[in-house]
Structure formats: structure tokens, C-alpha cells
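Visitor: Pasting the sequence and the predicted coordinates here, then a few questions.
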Amino acid sequence: MKFCYLLPIFFISFSAKCEDYLNLVTGNDYPPYSDERLPEGGIFTAKVKQILNKLNIKYKIEFMPWARGYELVKKGTFSATFPYTFREERNKEVLYLKKSILSTKIFIYTHIKYKNKKSIDDFNGLVFCAPNGYYIEESIQNKINKEEIKLQKQFDAKSCLISIINNDADFMILGSEHIKKYQEESTEILKKIVPLKNPIKKIELYIVFNKNIDKNIYNKIEKELNK
């Protein structure tokens, strides 16, 4: 997107000046990556700002519910959103940068009474909690579809953690950095919620753009990330 304005020349005529501009949206409750209550809006938000400032790309960042923000990027109301993991179905709807900005490992987090469980298969018959707008890993979605585990939806990740503590749900998936914020806020979460030993996988976090993004801006950012 280009933002253009008129500059006076010798008080007689005007010359149009255009600047690169991005209208961005992200969401809350994804510490330490994105949350308007965090310094700089979170470490991913701070990284995005750093890149755009270096490239002299003007921008505005808004925070709103994840699902709504994503849909508005698809429609073109916003230029891009972040941070998102790569999914084939999303790749058909939006344009990913080829290079991720940050990465993290995701784990199954559960009540301490289940600390000896080894894998997702050990949770058959139990309740998986997913925050609204969060992607459900394929291995878990398959078990939900087969009714091997039950699905509970909560407003946000902290609500899922509380549900697990209260024995209303049994496990969820979070990034290793994501949960630290909640552990700092609650000794109960720190003491009663534990990860399984091995991570499910390592995930990469990306900016995703509307399909009609100005390719000049897209290429500038891609080139900067590849330095």
C-alpha cells in the first residue's frame, strides 16, 4: 500500500509524494509475542516495528480478536497480521513471508496429576482445552473427530489453564515462552501445570499478508529478513 500526500513547490504548484504504508492487525493474550499490555506490544510486535522502521515503511498496528483480525486481512481491510504458524489451508487464503521472524517449541501442558503421561495417546478419554482462535494441531483434531478426546473451548489461554487447575479440562498446548507470563502472574499455575517432557514440535512464526499486498513492500521485508 502507498500513502500519498501533496507537497507545495514554491507556493505555486504541488507535487505528490508517496510512502510505503502498512495497516497491521494483531491480537492479545499471546505473551511474550503479542499483547498490547506488554512492552512494545510483545516481542514479535517489537520485531515487526524494528524491521519496518529500518525500511522506512510507515505503519499502524491495531489489536483485536484473532479470528476477526485474520478475516479482515483476507478481505483487505488490513494489510497483514502476525504472528502465525504456517498452515496449508491458510496459505491458500493469505500470503506468507518465505522466512519466519521467530520460532518456539510447543508442549502439552497438563495438571501435575498427569505428569507421568508421555504422549497425546495417553490422554484418550480426557478433555483438551483450546482458546478461541487458536489452531488445533492435526494430531489432536483427529482424536477429537474420532471422539477419543473431548474438546472444550475457552476465551483465552489463561482461561484454559484455570480450567485445567479446576479439573474441568485436562490438557492444552502452549509454546514454552508463552506460558511463562502466566506462571509469573500465578503461583497456582506455576505449581499445578506441568509440561510433558518432550515438545510436540518446533514452530516458526510469520507475518501473513493480504494476497493483494504491494509486492514492492513484500519484497523489501523479505530481503531484509534474508540478510
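Guide: Everything's here; your move.
Visitor: Can you verify Lys223 is assigned to a strand?
Guide: No. Lys223: not assigned to a strand; according to DSSP: H, G, I helix; E, B strand; the rest coil it is helix.
Visitor: and it, how many neighbours does it have?
Guide: By the criterion of other CB atoms under 10 Å, Lys223 has 11 neighbours. All C-beta spots, glycine's among them, are computed from the backbone N, C-alpha and C.
Visitor: what sits against Thr81?
Guide: If you count contacts by CB atoms under 8 Å, 6 or more residues apart in numbering, Thr81 has them with 24-26, 69-70, 73, 94, 207-208.
Visitor: With respect to Tyr182, which of those residues is nearest?
Guide: Proximity of the contacts of Thr81 to Tyr182 (CB to CB) peaks at Thr26, which lies at 19.0 Å.
Visitor: Wait, the closest one touches Lys60, no?
Guide: No. Look at Thr26 against Lys60 with CB atoms under 8 Å: they stay out of range, at 11.5 Å.
Visitor: Those two - which one has more neighbours?
Guide: When Thr26 and Lys60 are compared for neighbours, Thr26 comes out ahead with 27 against 11, by other CB under 10 Å.
Visitor: That one pairs with what?
Guide: Beta-bridge partners for Thr26, by DSSP bridges, are Phe63.
Visitor: Spatially central residue for this protein, please.
Guide: Centroid check for the chain by CA atoms, centre = their mean gives Pro83 as the closest residue, at 3.5 Å.
Visitor: how near is that residue to Thr187?
Guide: 28 Å (CB to CB, to the nearest Å).
Visitor: What pairs with the host helix or strand of Thr81, parallel or antiparallel?
Guide: Assigned by DSSP states H and E, Thr81 falls within strand 80-84. Sheet partners assigned to strand 80-84 using DSSP bridges are listed as strand 13-26 (parallel), strand 201-209 (antiparallel).
Visitor: Poorly predicted segments of this protein, please.
Guide: Counting by pLDDT under 70, the chain contains low-confidence ranges at 1-19.
Visitor: can you rerun that using 90?
Guide: By pLDDT under 90, the weakly predicted segments of the chain are 1-20, 29, 31, 132-135, 155-156, 175-182, 184-187, 227.
Visitor: Helices of that one, start to end?
Guide: 43-54, 66-75, 88-91, 138-145, 157-165, 178-185, 187-192, 215-225 (DSSP state H).
Visitor: Which other helices and strands does the second one contact?
Guide: Going back to what we said before, that points to helix 66-75. Counting by 3 or more CB pairs under 8 Å, 6 or more residues apart in numbering; DSSP states H and E, the packing neighbours recorded for helix 66-75 are strand 13-26, strand 80-84.
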